[in-house]
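>>> The following block contains a protein sequence and its predicted model.
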Amino acid sequence: MTTELTVNGSPRAVHNPPMTPLARVLREDLHLTGTKLACGEGFCGSCTVFVDDEALASCLVPVGSVAGASIRTVESMATPRGPLAPVQQAMKDTDAVQCGMCFPGILTSLTALLDENPRPDRADVETALVGNICRCTGYERIVEAALGLGTETGAGA
Amino acid sequence: MSGSIGTNHPRRDAEDKLRGRTLFTVDAEAGLMLHAALLRADVPAGRIVSMDLEPARRMPGVRAVVSAPDAPGIYGVMVADHPLFAVDEIRYHGEPLAAVAAETIEQARAALAAIEVVIEERTPLLTMAEALAPGAPELHPDWRDYELLAGEGARDGNVSWESTVVRGDVDAAFARDDVTVVETLFRCGRQNQTPLEPRAVVAHVERDRVVITTSTQFPWSVKSGVARMLGVEPSDVRVIVPAVGGGFGMKWEMSIEPFAALLARESGQPVKLVNTRQEEMQTALCRENAEIRIRSAVTASGEIVGREGFVLLDCGAYSGEQPFLASMVTHTLFGSYRLGSARLVSQAIYTNTPPNGAFRACCGTYCVAALERHTDEICAELGFDRQEFRRQNVLGDGDLGPTGDVFEGDVLGPMLDAMDELRDRSPRHRPDNDRLLYGTSTTVGTWFIFVGPSAATVNLNPDGTATLVTAGVEIGSGSTMQAIPQIVADVLQIPVSDVTVREADTDAGGYDGGVGGGRTTVSLGAAGAAAAAEVQRKILDLAADMLEASPSDLTLDDGRVVVDGVPSLGVTIKEVAAQAQARGGPISGSGSFTGTGNVGMAGCAAGHYIGALDLPVFSVHECDVAVDPDTGHVTVLDYRVVQDVGRAINPRAILGQVQGGVVQGLGYALHEEVTIDRRGKVRQEGFETYRVPLAGDSLPVQLEVYEGAPSMGPLGVKGAGEVPILNVAAAVSCAVADAIGRTVSEIPLTPPRVLGLMLERDGADVELPHVPTDWREAVVADAEQLLAVAPR
């Protein structure tokens, strides 16, 4: 089956059975491996992408259900040679990154939060990250970075 | 000075990881790549009556099918007892039976379903109590014939390995009429590492060699292990390691690499094999479950005159790391405190369960928990102040460790003082709620740096920058991305950003003992520093020619070689590097490092891979908890850490490691537990049933970095990434016991378990009838022989 959708601003046509998880289509057909697929069950959040303007676990999104939708992945948060998006820069500045597998999803979840709530408090950030597992960092710097963005520069990307 | 040491240099790999550009092994793509899947046993014990692979070979897209006859080797860490595929006998649920490579992963899985296997099930031995019961069948009837790969330990049937310590006259100590004997039991479950990147590998054949790209912590071990399994020379295997998406010890041992290698050889095409999350949950080389009995004879003045311990570690179906870890039980459970006499038996037990492995601070986590609960029980029994008793008894300069090795420096004592200061200046969060039960704890812990061989090469490039070549992997901790280039930059006095780090490749970097055991910054750092020092000497020699000066009058400073006392007279390193192209050739240096191989006092330790610690490392943790008496729910209110780091190369990176390690430890202490059902199957199949800490479970850790303890590491450094998890279960267990006023002998402290303790429910107290009380009956070695050689 052919599905037409927009990915990071470009129209794409992909050919998969309709129940194929969007995460696999992004990674295997479109080679956008920034989106990770660490559990495949919607718990770890490493595959979180924007589907239209909603941050979703793309491992649970059948590609057939997103025909005509606009998908945005971590690769589109900053232009290849341009500066990092504020939420990315905040993670870099706070030395938050360790193994890095969770960050594409965490950046997406936090961008969604900051778009909706430019001044989140700690509880808001923790709630926004309830679907994102990080096994390395103990979260504190990620939370701090998000709170810092809220107070200093407003919304993320 | 270039100022590279003690400063918060950013990670060079952060931006790629944030942009989604980093290619992990799971992201690897290659032309004509096949996808592999494993057929795994769905019973925990049984005999393979027949297995027909032919139907799989006829399935669409299938390019290779392999099974036991294709992989003749047997591997292990200390004992070679582990075949790649089950050979006739199935020993755990999930054990590989066959592997298939096909054009798509769906085709590979469909082919697995076509394999016809007939298995005659046996009654499994799922617990250590079952494996040790009189008359229990042996999981490995041929254990006597197994090759020993490292050291020697007493073995007997389902006891895959035994480590013993005998120092001084314990019987006499316990018989004294001026001592009180306190006994503590402790039990813990398994913890799954759950790195977000599962184990993953891509293999292909190139010029008759197998080239393996894999997510491992220890490339040289994969190289030798794959060679062993394939029956080829290690030189016929090349291992390349891109960024690794977390390891925490699970990727320390070789795991799925040989399957991909076999299939690549069979098919002639690149083969990719990635564990599903379910496979990762079912077959992770977890931190082992263990059962501990410890007792001490303590005088009224607080002197520990004798200590005796019995520890069972569950190694699962194959011995793996646990015979090695039996040594580390000694240095953790019997560490930290001065002991007048000591006697300890640690046994690694075979069961029909998935093999266990290494996990950040390994057995140290639960041994420190057991020891610190025991210490608090001693204090309660004898009426000592918990902090004062620790201050009185912790090891100091010149004191003897558990195996009679002499400790250097006063470290734990001053660290307890540092904790007093940290406590005084840290915020305390105590909710205004009289209904909750509050508790606090102060715990000490001893762990080690697994020093061992490392090699490094530093090339000075014609532009004056340097390239560091090692087989050190970046698993996320930052050691190879931050600390080691900082050390090299410091020696060469060039900016840290001018040190390029070569990705780990066994065809480029010399032997290295792996990224784990807190060893990276110490061992690879020392090798890197030595390689850089050779480059430095060559720079000075050539600069001396250029400046018509003596090399001894020259110093490297901020990218230049300057004449001592005449700072204006000098050349840049870049000019020296360019000059070298024409005079003598490009400059490079090589360096190496290994530990001293401390073994302790003669006759003390038997069956120990680590007889004594080359480089101990210490930590002091405290936490404050609130327990809800209605639900048993534990809330950690504050957490404080004083950690011995030797010297802080990058303080901010250390805090990142401590925060991450403590939160991982909170999961272990409070809710993470892998359990096995009566069919031998791991109950937790994913993150729905195995809950790891989330952002809402975290709290900011207060850290005081303790510097200045003796260390053989470069610049006096010790590894900082492994230790942060060491004391967490101890700190939480002790604080919960303090809060509820009951003995806590088991982790994780889930609400039902805590509530059970508070309500004194049946079964809430740990009983370990199969963990022996009589030392002479417990040992499988000859007890009288051990006593005869032990120092009195």
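That came through, no problem. Numbering: from 1, shown residues only, chains lettered A, B, ... in the order given.

>>> who in the stretch 301-450 of chain B is up against chain A?
By Cβ under 8 Å from any Cβ of the partner chain, no part of the stretch 301-450 of chain B sits against chain A. For every residue, glycine as well, the C-beta is placed using N, CA and C.

>>> where's the closest residue to residue B:598 other than its chain neighbours, which helix or strand?
Distance criterion Cβ to Cβ, 6 or more residues apart in numbering or on different chains; nearest residue to residue B:598, sequence neighbours excluded, is residue B:612 at 4.2 Å. Using DSSP states H and E, residue B:612 sits in no helix or strand.

>>> Tell me the pLDDT of residue B:612.
Looking at residue B:612, its pLDDT reads 94.

>>> cool, residue B:764 as well?
85.

>>> which non-adjacent residue is nearest it?
residue B:756 (3.7 Å).

>>> try residue B:769
residue B:129 (7.8 Å).

>>> Within the helices and strands, which one has the one you found?
Going by DSSP H and E, residue B:129 is in helix B:128-132.

>>> and for the helix or strand just after that helix, what are the contacting residues?
Using DSSP H and E, the next helix or strand after helix B:128-132 towards the C-terminus is strand B:147-148. Identification of contacts with strand B:147-148 by Cβ atoms under 8 Å, 6 or more residues apart in numbering or on different chains yields B:74, B:78, B:79, B:80.

>>> Could you look up the SS state of the residue in the stretch 51-200 of chain B that chain A sits nearest to?
Closest approach between the stretch 51-200 of chain B and chain A, counting by Cβ to the nearest Cβ: residue B:196, at 3.7 Å. Under DSSP: H, G, I helix; E, B strand; the rest coil, residue B:196 falls in the coil class.

>>> Next up, the contacts around it.
A:36, A:38, A:44, A:46, A:99, A:101, A:102, A:133, A:134, A:135, B:245, B:246.

>>> Output the below-cut-off pLDDT ranges for the chain.
You didn't pick a chain, so chain A it is. A:151-157 (pLDDT under 70).

>>> if you could check chain B rather than the one you did, that'd help
For chain B, the stretches with pLDDT under 70 are B:1-2.

>>> Most proximal residue of chain A with respect to chain B?
residue A:34 (2.0 Å).

>>> so what's that residue closest to, chain neighbours aside?
residue B:20 (2.0 Å).

>>> Can you report how many residues lie near the one you found?
Residue B:20 is flanked by 23 other residues according to other Cβ atoms under 10 Å in any protein chain shown.

>>> my guess is it contacts residue A:35, does it?
Yes: the criterion here is Cβ atoms under 8 Å, and residue B:20 meets it with residue A:35 at 7.2 Å.

>>> Now the common contact residues for these two.
Joint contacts of residue B:20 and residue A:35 (Cβ under 8 Å, 6+ apart) are A:73, A:74, A:104.

>>> which one of the residues you listed has the most neighbours?
Going by other Cβ under 10 Å, residue A:74 tops these with 29 neighbours.

>>> among the shared contacts of residue B:20 and residue A:35, which are in reach of chain B?
Answer for the shared contacts of residue B:20 and residue A:35 near chain B (Cβ under 8 Å from any Cβ): A:73, A:74, A:104.

>>> Assumed the last one was part of a strand.
No: counting by three-state DSSP, residue A:104 is not found in a strand; it is helix.

>>> residue contacts, it?
A:34, A:35, A:36, A:46, A:48, A:73, A:74, B:20.

>>> How about the third one: what's its closest non-neighbour residue?
Using Cβ to Cβ, 6+ apart and skipping the chain neighbours, the partner closest in space to residue A:36 is residue A:46 (3.7 Å).

>>> Now for that neighbour, how many residues are close by?
Neighbour number of residue A:46 under other Cβ under 10 Å is 28.

>>> burial of residue B:391, as a residue count?
Neighbours of residue B:391 using other Cβ under 10 Å come to 16.

>>> Next up, identify which helix or strand it is on.
helix B:386-393.

>>> just residue B:424 next, same as before
Per DSSP H and E: helix B:412-425 holds residue B:424.

>>> For that helix, buried residues please.
Across helix B:412-425, burial judged by 16 or more other Cβ atoms under 10 Å in any protein chain shown covers B:412, B:413, B:414, B:415, B:416, B:418, B:419, B:422, B:423.

>>> wait, doesn't the third one sit right on residue B:704?
It stands for residue B:414. No: judged on Cβ under 8 Å, residue B:414 makes no contact with residue B:704 at a distance of 11.1 Å.

>>> mind listing what residue 63 touches?
Looking at chain A here, since you left the chain open. Here residue A:63 is in contact with A:3, A:5, A:14, A:16, A:18, A:19, A:20, A:21, A:22, A:25 (criterion: Cβ under 8 Å, 6+ apart).

>>> meant chain B, my bad for not saying
B:34, B:101, B:102, B:103, B:263, B:266, B:267, B:269.

>>> Go again with 7 Å.
B:34, B:101, B:102, B:103, B:267, B:269 (Cβ atoms under 7 Å, 6 or more residues apart in numbering or on different chains).

>>> burial measure for the fifth one, as a count.
Other residues within reach of residue B:267, judged by other Cβ under 10 Å, total 21.

>>> State the distance from it to residue B:260.
Distance of residue B:267 to residue B:260, computed by Cβ to Cβ, to the nearest Å: 10 Å.

>>> would you say residue B:110 is within a helix?
Yes: with three-state DSSP as the criterion, residue B:110 is located in a helix.

>>> right, and it touches residue B:59 too?
Yes: if you go by Cβ atoms under 7 Å, residue B:110 and residue B:59 touch, sitting 5.9 Å apart.

>>> Am I right that residue B:210 falls within a strand?
Yes: judged by three-state DSSP, residue B:210 forms part of a strand.

>>> Who does it form a beta bridge with?
residue B:205, residue B:237 (DSSP bridges).

>>> Give the full set of residues in contact with it.
B:203, B:226, B:230, B:236, B:237, B:261, B:264, B:265.

>>> Same check on residue A:25?
Here residue A:25 is in contact with A:14, A:16, A:63 (criterion: Cβ under 7 Å, 6+ apart).

>>> The contacts of strand B:147-148: which two are farthest apart?
B:74 and B:78 (12.9 Å; Cβ to Cβ).

>>> Those two - which one has more neighbours?
A side-by-side neighbour count of residue B:74 and residue B:78, using other Cβ under 10 Å, places residue B:78 first with 27 against 18.

>>> Check the burial of the closest residue in space to that one that isn't next to it in sequence by counting its neighbours.
Closest residue to residue B:78 apart from its sequence neighbours, by Cβ to Cβ, 6+ apart: residue B:323 at 3.9 Å. Neighbours of residue B:323 under the rule other Cβ under 10 Å: 31.

>>> now the contacts of residue A:25 as CSV including secondary structure?
Output for those, formatted as CSV (three-state DSSP):
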residue, secondary structure
A:14, strand
A:16, coil
A:63, helix
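
>>> Now those in CSV, please, with extra columns for distance to residue B:453.
Output for these, formatted as CSV (distance: Cβ to Cβ, whole Å):
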residue, distance to residue B:453
A:14, 49
A:16, 49
A:63, 50
